[in-house]
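Participant: Would you be able to build a 3D model of this:
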Amino acid sequence: MSAPAVSPRPASPRLAGTGTLARLALRRDRVLLPVWAVALALAVVSVASAFESLYATAADRAGVARSTNANASVRALYGPVFGDSTGGLVAWRMAALGGVLAGIMSLVIVVRHTREEEETGRQELLSAAVVGRRAPLTAALLTALAANGLVAVLITAGPARAGLPAGGAAALGLAVAGTGLCFAGVAAVTAQLTDTARAARSLAGATVGLAFLLRAAGDAASADASSPLVWVSPVGWAEQTRAFAGERWWVLALPYAAAALASAVAYALAGRRDIGAGLLAGRPGAATAPRHLTGATGLAWRLQRGTLLGWTAGFAVAGTVFGSLVNGVSGLVGDNESTREIFERMGGHQGLTDSFLAALTGLLGMVAALYAVGCVLRLRAEETSGRAEPVLAGATGRLRWAAGHLAFAGLGTAVVLLAGGLGMGLAYGITAGDVGGQVPRVLGAALAQLPAAWVLASVALLLFGALPRGAVAAWGVAGGCLAIGWLGPVLRLPGWVMDLSPFGHLPKLPGTAAVSVAPFVWLTGLAALLAAVGLAAFRRRDVG
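Facilitator: Just a heads-up that it's a prediction; the model follows:
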């Protein structure tokens, strides 16, 4: 008796299940996306309010525009000023920066809902049901589109309600959102090329950094942003829209067309690989591991070394750029007492140059804290991916396994700050003609930020140990401290708000005459206490 014929299951459409996956992605990001979009919009409105009070007259605003456009170092950092209205100054400060922040948001979204889903194995389970081959990528891009659309709406509405021209506000919002979508497309491509979420984020993040550096180099070379380097950078396109300064609406076609092209490339690549695999195959390791890679510390070194090298190189470049700006700060501030007050609130009252140096080293410390938090949260990534459990099933204990990664959070942060402080000290020392005197001062000021960075790393460890599902909130804590330290002086936040950040308790170096060791001792002790509680909690909970 012949077996009954079984008709094959009809192939699912390529986009089947896209709506369901998009709703799932929006549900998972229901906190992240609104917070990020609102924070970007509030930053724009806050900068507009601050500039209204700082530069109340047309003469003040024209002076800022002239001094900025005449200083190549300041142009490299912020870009040229195209219009001396309040809106023009807001676009000068926020177009490029907002585009970078929107790009980071977008690449996190796309990689999280594509490559990370494949790496954890969840995508293979979903693909076994009626889910089309292109559905996950489409859902991720739709989520990024929704997030950037919200950014555009909020940035447009905020300045318009504050009294700035609606057309300029719309141009700024669309430029920032377009830059974000452009990097969403880039992240979609890197998610097809690599086989890990970490590599996909690193490649996409490096593209964002390269775009910013191209824009900075182009603006430093030309006072009117006419350099070809500006035009090949998506961050430069946001600046070239010239919001509030005779808007160039046609420039907006560039980022949106680039986003569509990158998305099309990602769709084409997605059909040429298996689920879970990347088009760029990982290189096989040596048959025998070298001695320094054995044990928990060697494993941590193998996992963290690329990140450490990248951050170290980035800080060295950033420190050099920052150091080259210091000699031009007097011309930038001029006789404006409000601007001088901002630098003094950020860096202390020990003279304008030292205040500016203290503000820059404080910024390096706050950004380095993000590296420290990332090192700690690598523990959670190893746990959720299933790689930690086989390691801990052997002779390696939990504390020993965690210690390897914590070494990078502690000592690696010191290396990163060392590179940034050395680059800043050398650049400033060369321009000031006092390398031997300035390098030790600036380097010491940079390393003085370590205890505060360690506190934020310990907060991440506490969340990892006690509330592993909420460990991602450590990014919010670190980002909040960064916002308090960088925007708080501009917004004149009260002292108790500034003290919420551990960086607010450190002395303003260099330049402070009498330095007490008490803040360093207390912050280091607090970091050790939080780390101990986090490790104790980790020992008592289930892995996974």
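
Participant: where along the stretch 251-400 of the chain do the strands fall?
Facilitator: Counting by DSSP state E, counting those that start in this stretch, the stretch 251-400 of the chain forms no strands at all.

Participant: Give the residue spans of it that score low on pLDDT.
Facilitator: Across the stretch 251-400 of the chain, the ranges flagged by pLDDT under 70 are 276-277, 279, 281-287, 289, 292, 328-351.

Participant: redo that, cut-off 80
Facilitator: Filtered on pLDDT under 80, the stretch 251-400 of the chain yields the residue ranges 271, 273-297, 321-322, 324-356, 385-386, 394-395.

Participant: cool, and the stretch 101-250 of the chain?
Facilitator: Using pLDDT under 80, the flagged stretches of the stretch 101-250 of the chain are 119-133, 159-163, 196-198, 220, 223.

Participant: same thing but 90
Facilitator: Under the criterion pLDDT under 90, the flagged ranges of the stretch 101-250 of the chain are 101, 104-105, 107-108, 111-137, 139, 157-166, 191-230, 245-246.

Participant: State the helix or strand in which the residue nearest to L164 when sequence neighbours are not counted lies.
Facilitator: Spatially, and ignoring its direct neighbours in sequence, L164 is nearest to G87 (4.5 Å; C-beta to C-beta, 6 or more residues apart in numbering). C-beta here means a position set from N, CA and C on the backbone, and glycine is covered the same way. For G87, the element it lies in under DSSP states H and E is helix 86-112.

Participant: Tell me the first helix or strand C-terminal of that helix.
Facilitator: Immediately after helix 86-112, counting by DSSP H and E, sits helix 115-120.

Participant: what does whichever helix or strand comes after that next one contact?
Facilitator: Later in the chain than helix 115-120, the nearest helix or strand by DSSP H and E is helix 122-127. With contact meaning C-beta atoms under 8 Å, 6 or more residues apart in numbering, helix 122-127 is reached by 17, 21, 117-118, 133, 136, 275-276.

Participant: Give the PyMOL command for selecting the buried subset of these.
Facilitator: Of those, the buried ones can be selected in PyMOL as follows, counting by 16 or more other C-beta atoms under 10 Å:
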select buried, resi 17+21+117+118+133+136
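
Participant: Please identify which of the contacts of helix 122-127 is nearest to F356.
Facilitator: E117 (44.9 Å; C-beta to C-beta).

Participant: which one is the closest one nearest to, not counting chain neighbours?
Facilitator: Q123 (4.2 Å).

Participant: what about that neighbour, neighbour count?
Facilitator: 21 (other C-beta atoms under 10 Å).

Participant: again, but for R27
Facilitator: With other C-beta under 10 Å as criterion, R27 counts 8.

Participant: So which bits of stretch 296-308 are buried?
Facilitator: Going by neighbour count (16+ other C-beta under 10 Å), the buried part of stretch 296-308 is 296-297, 299-301, 303-304, 307-308.

Participant: do the same with stretch 500-514
Facilitator: For stretch 500-514, using 16+ other C-beta under 10 Å, the buried residues are 501-512.

Participant: which one among those gets closest to G410?
Facilitator: Each of the buried residues of stretch 500-514 was scored against G410 by C-beta to C-beta, and P502 proved nearest at 15.0 Å.

Participant: Is it correct that the closest one is in contact with L523?
Facilitator: Yes: counting by C-beta atoms under 8 Å, L523 is a contact partner of P502 at 5.7 Å.

Participant: who touches both of these two?
Facilitator: Common neighbours of P502 and L523 (C-beta under 8 Å, 6+ apart) are 451-452, 455.

Participant: which one of the residues you listed is nearest F356?
Facilitator: Taking C-beta to C-beta as the measure, F356 lies nearest A452 of these, at 19.6 Å.

Participant: list the contacts for the closest one?
Facilitator: 365, 369, 501-503, 505-506, 523.
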